[in-house]
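> Got a predicted structure here, sequence first:
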2 protein chains.
Amino acid sequence: MLDSWASGPTKTAIVDFVERVTTDGPDFVAPEARVAVFDNDGTLWCEKPMYIQLDFLLRRFKEQADADPALRERQPYKAAYTGDLQWLGDTVTKHYQGDDTDLKPLVAAILTAYHEITVDEHASLINAFFADALHPTLGRPYTACGYAPMVQLLRYLEDNGFTTYIVSGGGRDFMRPITGPLYGIPPERVVGSSVGLVYRDGHLYTTSTPEFLDDGPIKPARLWSRIGRRPILAAGNSNGDIEMLQFTEGSSGPSLQLLILHDDADREFDYVAGAEKALELAKTGGWTVASMKNDWTAVFD
Amino acid sequence: MLDSWASGPTKTAIVDFVERVTTDGPDFVAPEARVAVFDNDGTLWCEKPMYIQLDFLLRRFKEQADADPALRERQPYKAAYTGDLQWLGDTVTKHYQGDDTDLKPLVAAILTAYHEITVDEHASLINAFFADALHPTLGRPYTACGYAPMVQLLRYLEDNGFTTYIVSGGGRDFMRPITGPLYGIPPERVVGSSVGLVYRDGHLYTTSTPEFLDDGPIKPARLWSRIGRRPILAAGNSNGDIEMLQFTEGSSGPSLQLLILHDDADREFDYVAGAEKALELAKTGGWTVASMKNDWTAVFD
């Protein structure tokens, strides 16, 4: 079942946990309380060299700049139009240094990229994107950028009575059309960031009003809103997953925290930026760290 | 299965619809798209003489007035303390007349009734309330105020591959502890109004910040947030359910809209206040109206 996982302490920790909570005894957990939550970017699929959703948005910015020459002189449209992504990298770097001057026009562009279309139209655009978009460096379709060991883990958990959810900082309505084909997770089990929706004449329309940025301490609140239960297993890969991982520790019974370590430059990417604090907490908190390089016999299908 | 439903056009409309969408043919709907949404107050359980949640809150206001004499002179604490509920009725009447002067202190009291407690503590208080609270006029426990025909309908739909959800103006975290025992609907399938939650040190705390009032046009947006699919069946009983019922009509295939008519003074209550527009739309839109008096052979178990 978990044959993309190498034998070793990580695989053992997962299997032991699942056996304990499914076996009669002090650690048994009723099936309805076997809730497992998974971050998406960097946990279930690639997030480098940039978030897949950002690629989707950049194509939209380029479309907008194609249609309106005035936009070509303004960021982030200029970056999308010229294909010079340095500005984006700098913007993120400055954000981590506490300077959001350039982040503001980027966020504004993201929020207005698809406002005032129906949720059905939005889903069609996402399906069209995934129909042929390729990962820029791995050369494989984005739809093949899910991690095989993690998909196996989802199925293994479900086979053991767990209900699995995605709880991601990515856009809820961006992920939902694709999580079924990619991970076997239906839209109703996907929690993510969102803009407000308005109902009008039988349709739901996107707005440009930010609703939730489902990251950091917002993750436990959003998953609670969705599930109404405290998960007993959480998987993540970055500092934005810390609170979700910690929330599972408050379970009255056993719990498992799984952190994916990107240390495989040959098969995927090698980076810890944005995960430093999570990796530190993993050490002190007894979280299970999965090394892509050592714990996964395959990364992709 | 539906033996609390009398033979007749209403029961036939329900059974015909379910048979059409589950039988191979032009109206067949895949199981994962068989989504059915139910209002709660007045649709699954009694909402007269007042919302059950309001009874819960009044007991809290009385506790607060017991502890703080200054509150006894202020509404809504005064009403709760003296047991004189005329003020509440007047407040609702004035609200419908466009005067919310008295509604504001009521809403403020509701929002602050349980702020800064953990969601687990909140659930314990709700369980304690339902352990012995009785309906004020029907003389039965609130936990026995669910409508037997509707619970049968939930099971009938689930047996036919539907996934059922509650989408209510009532408090999400108020309903969740009780919807399992009452209706067999687990917390993860309950959508409702909410206050913001904040995460701190492993716990989620309630705040007094309103988040969503899940009523009217907000219902389609909230159910989309939760489910990411357009339901093909909706059941409601009031004007606040109109948009949710209409949203199901936009389904590409068949859909069913069910409106519960409270016309049974002997066994429950007889009223149309707050449902006038919905009943009007039912006539013109071909919605199915279930008369409690004529279509239900039993109201409660």
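Yep, it's here. Numbers count the residues shown, from 1 in each chain, chains lettered A, B, ... in the order given.
> Check whether A:Lys219 really touches A:Asp241, as I assumed.
Yes: between A:Lys219 and A:Asp241 there is a contact under CB atoms under 8 Å: 7.1 Å. In short, each C-beta sits where N, CA and C put it, glycine included.
> A:Tyr66: what's it in contact with?
No Tyr there; residue A:66 is Asp. A:Tyr81 (CB atoms under 8 Å, 6 or more residues apart in numbering or on different chains).
> Quick check: it vs chain B, distance?
Using CB to the nearest CB, to the nearest Å, A:Asp66 is found at 31 Å from chain B.
> hang on, that residue in a helix?
Yes: looking at A:Asp66 with DSSP: H, G, I helix; E, B strand; the rest coil, it is inside a helix.
> per-residue confidence at it?
In this prediction, A:Asp66 carries a pLDDT score of 97.
> number of nearby residues for the closest residue to chain B within the stretch 51-200 of chain A?
Chain B sits closest to A:Pro187 of the stretch 51-200 of chain A, with a gap of 3.1 Å, by CB to the nearest CB. If you count neighbours by other CB atoms under 10 Å in any protein chain shown, A:Pro187 ends up with 21.
> Looks like it contacts B:Ser225 (just checking).
No: judged on CB under 8 Å, A:Pro187 makes no contact with B:Ser225 at a distance of 10.6 Å.
> For the residue of the stretch 51-200 of chain A closest to chain B, which non-adjacent residue is closest in space?
B:Gly228 (3.1 Å; CB to CB, 6 or more residues apart in numbering or on different chains).
> Quick one: residues contacting that neighbour.
A:172-173, A:176, A:186-188, A:190 are the contacts of B:Gly228 under CB under 8 Å, 6+ apart.
> Identify the farthest-apart pair in the residues you listed.
A:Asp173 and A:Pro186 (13.9 Å; CB to CB).
> who has more neighbours, these two?
Counted by other CB under 10 Å, A:Asp173 and A:Pro186 do not tie: A:Asp173 has more neighbours, with 24 against 15.
> quick one: buried residues of the one helix or strand A:Ile110 maps to?
Using DSSP states H and E, A:Ile110 sits within helix A:103-112. Going by neighbour count (16 or more other CB atoms under 10 Å in any protein chain shown), the buried part of helix A:103-112 is A:106, A:109-110.
> How far does that helix sit from its chain's centre?
Relative to its chain's centre, helix A:103-112 lies at 20 Å (CA atoms, centre = their mean, to the nearest Å).
> Could you list the alpha-carbon positions for it in PDB?
Listed next in PDB are the C-alpha coordinates belonging to helix A:103-112 (Å, rounded to 0.1, in the frame of the first residue of the first chain):
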ATOM      1  CA  LEU A 103       3.100  43.100  -2.200                       C
ATOM      2  CA  LYS A 104       0.100  45.400  -2.200                       C
ATOM      3  CA  PRO A 105      -0.200  45.800  -6.000                       C
ATOM      4  CA  LEU A 106       0.300  42.100  -6.400                       C
ATOM      5  CA  VAL A 107      -2.400  41.200  -3.900                       C
ATOM      6  CA  ALA A 108      -4.700  43.800  -5.600                       C
ATOM      7  CA  ALA A 109      -4.100  42.200  -9.000                       C
ATOM      8  CA  ILE A 110      -4.700  38.700  -7.600                       C
ATOM      9  CA  LEU A 111      -8.000  39.800  -6.000                       C
ATOM     10  CA  THR A 112      -9.300  41.400  -9.200                       C
END
